[in-house]
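**Q** With the sequence up front, the predicted model follows.
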There are 2 protein chains.
Amino acid sequence: MKIAVLGTGGGARAHAARLVELGHEVFASTRDPEATLARTEPDIMGNVPYSQWLADHPGITLKSFGDAAGAADLVINGIDGHNAVAALTAIADRLAGKTLIDYAVPYVYQHDSEHPWPTPWGVMPKLEPCDTDSLAEQIQRALPATKVVKSFVTQEQSTVVDPASVGEGDHTMFVAGDHTDAKQQATDLLTSYGWSDILDLGPLVCARGMEMYAHMHSAIGFSLGQQFGGHFGIKVVR
Amino acid sequence: MKIAVLGTGGGARAHAARLVELGHEVFASTRDPEATLARTEPDIMGNVPYSQWLADHPGITLKSFGDAAGAADLVINGIDGHNAVAALTAIADRLAGKTLIDYAVPYVYQHDSEHPWPTPWGVMPKLEPCDTDSLAEQIQRALPATKVVKSFVTQEQSTVVDPASVGEGDHTMFVAGDHTDAKQQATDLLTSYGWSDILDLGPLVCARGMEMYAHMHSAIGFSLGQQFGGHFGIKVVR
């Protein structure tokens, strides 16, 4: 399948690398490919410069967001939550009729002395929207011709693409969305990643709980002594 | 031990009944014991009238919130989140120096045609506070002489008091708080309930994530076809 992965962060890299392994045609993407390739410093999370990563991962093509989305059958949104609605709205016509799987957390980034981020004791950036709306619902309202699925967001993306790396894969992944066929596409992709326990939470409004779980996820990771999210899973025991 | 359980809802009843089974001296409590005992109708959640429940559970004494807290060594807060800070502040002197385990969710109740509650598709009442503060932190600020621990809140209370009823007890309970000795009391109580996997998330600020997990908990319960929360557990797989 032709799959676009929007974004160049650690999560987007994990998906792109895994999708190539699985035999898909993968279009990585960024706002300005030339600028991204020109950078020679690690990104804010310590990931190696993108050009170096791309050289280490043959078979992945870097395009602009719009060109990647336009060329793909399925799109994964790895653009950070703070910028996602604007960036996706700008390429709405390239996303029309397609399934968009969104895993962004709508953190409001506050890089100042009063709001060091992230702290080692569980206080993460504020979420916006939160509680009475979600980023996924905002994206769906902004792109009514696109089928938005919220998924992946309850895990580090390195675990999403390789569930067996934690507890022999015996943990739970969630999907939510208003389009049954799109949720099936997300579920099929997750199954190909190795997930066996995929719980359909229902309509896209359930993305609120999935996004708001971010603080609990961070707290659990920190309590396990794992900075920046951690390497663990959540199993719904029933 | 002498333990006060504040509140007369289903969760408070579950704790009181279990604590008596475990040999504790239990003080159930309500704002106005006479009024509570005079009611002959089931409560809003369909629980039998309290007087009938009390008759079926010998060994439990019903007192006012203040008298129960004053007589106890350990206090469990089952007052609903909307009313908890005011009700606890009113008896602050009876709670001074004691450990208070809080499991309330700060739902803003909206019983009108625009906000039916709860709906079967995962939209629960708004949380207030949310994200940048928590009910547990509000209670701790209002009662600086009390040691507040947030726990129990990520489960139905019927499961909290009987973890083995789900997945042979192989799931995870969380505690958070700023007082190590108080968290140990909560952990000891949970161990006596049957919990073996109890994760200390850290300081009380981690109550934010625990309270915000409420929407995810509801969505999971609904997706499993279990109304009003459901009978399942969450296991941190690592």
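**A** Cool, the structure landed.
**Q** where does A:Arg208 land in three-state SS?
**A** Under DSSP: H, G, I helix; E, B strand; the rest coil, the three-state class of A:Arg208 is helix.
**Q** got a pLDDT number for it?
**A** At A:Arg208, the pLDDT value in this model is 95.
**Q** By average pLDDT, which secondary structure element in chain A comes out worst?
**A** helix A:214-223 (a mean of 92; mean pLDDT, DSSP states H and E).
**Q** Past it, which element shows up next along the chain?
**A** Going down the chain from helix A:214-223, the next helix or strand is strand A:233-237, by DSSP states H and E.
**Q** and that next one, what other elements does it pack with?
**A** strand A:172-177, strand A:197-202, strand B:233-237 (3 or more C-beta pairs under 8 Å, 6 or more residues apart in numbering or on different chains; DSSP states H and E). Quick note: C-beta positions are derived from backbone N, CA and C, even for glycine.
**Q** got the contact list for the last one?
**A** Around strand B:233-237, the neighbours that count as contacts under C-beta atoms under 8 Å, 6 or more residues apart in numbering or on different chains are A:166-167, A:170-171, A:220, A:224, A:232-238, B:154-155, B:159, B:163, B:166-167, B:170-172, B:197, B:199.
**Q** Report the central residue of chain A.
**A** Nearest residue to the geometric centre of chain A (C-alpha atoms, centre = their mean): A:Tyr103, 3.3 Å.
**Q** does chain B sit close to the longest helix anywhere in chain A?
**A** Across chain A, the longest stretch assigned as helix under DSSP state H is helix A:180-193. No. For helix A:180-193, no contact with chain B is found by C-beta under 8 Å from any C-beta of the partner chain; the gap never falls below 11.9 Å.
**Q** What subset of the contacts of strand B:233-237 is buried?
**A** For these, a burial check counting by 16 or more other C-beta atoms under 10 Å in any protein chain shown picks out A:166, A:171, A:220, A:232-238, B:154-155, B:159, B:163, B:166, B:171-172, B:199.
**Q** what about the strands in chain A?
**A** A:2-6, A:25-30, A:60-64, A:74-77, A:99-102, A:147-151, A:172-177, A:197-202, A:233-237 (DSSP state E).
**Q** Could you dump those strands into CSV with mean pLDDT added?
**A** Below are the strands of chain A laid out as CSV (pLDDT from 0 to 100):
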stretch, mean pLDDT
strand A:2-6, 98
strand A:25-30, 98
strand A:60-64, 96
strand A:74-77, 98
strand A:99-102, 98
strand A:147-151, 98
strand A:172-177, 98
strand A:197-202, 96
strand A:233-237, 97
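**Q** Burial-wise, tell me which of those comes out on top.
**A** Of all the strands of chain A, strand A:147-151 has the most neighbours on average by mean count of other C-beta atoms under 10 Å in any protein chain shown, namely a mean of 28.
**Q** returning to what we had before: could you tell me the angle between the least confident helix or strand of chain A and helix B:214-223?
**A** 110 degrees (axes from the mean of the first three to the mean of the last three C-alpha atoms, to 10 degrees).
**Q** Could you name the helices and strands sitting against helix A:214-223?
**A** strand B:197-202, helix B:207-212.
**Q** export that helix as CSV, just CAs?
**A** Taking Å, rounded to 0.1, in the frame of the first residue of the first chain, the C-alpha atoms of helix A:214-223 are listed here in CSV:
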residue,chain,number,x,y,z
ALA,A,214,-1.4,11.3,28.1
HIS,A,215,-0.8,12.6,31.6
MET,A,216,-1.4,9.1,33.1
HIS,A,217,0.9,7.6,30.5
SER,A,218,3.6,10.1,31.5
ALA,A,219,3.1,9.5,35.2
ILE,A,220,3.4,5.7,34.8
GLY,A,221,6.5,6.1,32.6
PHE,A,222,8.1,8.4,35.2
SER,A,223,7.2,6.1,38.1
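**Q** Could you say which one of the helices and strands packed on strand A:233-237 comes nearest to A:Ala16?
**A** strand A:172-177 (18.9 Å; C-beta to C-beta).
**Q** and that closest one, does that touch chain B?
**A** Yes. Using C-beta under 8 Å from any C-beta, we find that strand A:172-177 touches chain B at A:Phe174, A:Ala176.
**Q** neighbouring strands for that strand, and are they parallel or not?
**A** Taking DSSP bridges as the criterion, strand A:172-177 forms sheet pairs with strand A:147-151 (antiparallel), strand A:197-202 (parallel).
**Q** now the angle between strand A:233-237 and the longest one, please.
**A** By that I understand strand A:197-202. Using the same axes, to 10 degrees, strand A:197-202 lies at 80 degrees relative to strand A:233-237.
**Q** which ones are touching the nearest residue to A:Val105 once chain neighbours are set aside?
**A** Sequence neighbours aside, A:Ala214 is the residue nearest to A:Val105 in space, at 4.7 Å (criterion: C-beta to C-beta, 6 or more residues apart in numbering or on different chains). A:Ala214 makes contacts with A:Val105, A:Tyr107, A:Met124, A:Leu127, A:Val153, B:Gly209, as judged by C-beta under 8 Å, 6+ apart.
**Q** Dump the residues you listed to TSV, plus neighbour count.
**A** Formatted as TSV, the contacts of A:Ala214 follow (neighbours: other C-beta atoms under 10 Å in any protein chain shown):
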residue	neighbour count
A:Val105	22
A:Tyr107	19
A:Met124	20
A:Leu127	23
A:Val153	26
B:Gly209	27
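**Q** now, which of those lie within helices?
**A** Among those, the members found in helices (DSSP H) are B:Gly209.
**Q** and which of the contacts of A:Ala214 is nearest to A:Glu21?
**A** Using C-beta to C-beta, those come closest to A:Glu21 at A:Val153, 22.1 Å.
**Q** quick one: contacts for the residue nearest to A:Ala14 when sequence neighbours are not counted?
**A** Leaving aside its sequence neighbours, A:Ala14 sits nearest to A:Gln157 (C-beta to C-beta, 6+ apart; 4.5 Å). By C-beta under 8 Å, 6+ apart, the contact list for A:Gln157 reads A:Gly10, A:Gly11, A:Ala12, A:Ala14, A:His15, A:Gly78, A:Tyr103.
**Q** Distance check, A:Gln157 against A:Arg18.
**A** 9 Å (C-beta to C-beta, to the nearest Å).
**Q** swap in A:Phe232?
**A** Distance of A:Phe232 to A:Arg18, computed by C-beta to C-beta: 19 Å.
**Q** how about TSV for the contacts of A:Ala214, with distance to B:Gly66 added?
**A** What follows is the contacts of A:Ala214, written out as TSV (distance: C-beta to C-beta, whole Å):
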residue	distance to B:Gly66
A:Val105	43
A:Tyr107	42
A:Met124	37
A:Leu127	37
A:Val153	44
B:Gly209	31
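**Q** any idea which of the contacts of A:Ala214 is closest to B:Glu25?
**A** Nearest member of the contacts of A:Ala214 to B:Glu25, counting by C-beta to C-beta, is B:Gly209, at 33.8 Å.
**Q** residue contacts, that closest one?
**A** The contact partners of B:Gly209, by C-beta under 8 Å, 6+ apart, come to A:Gly122, A:Tyr213, A:Ala214, A:His215, A:Met216, A:His217, A:Ser218, A:Ala219, B:Leu201.
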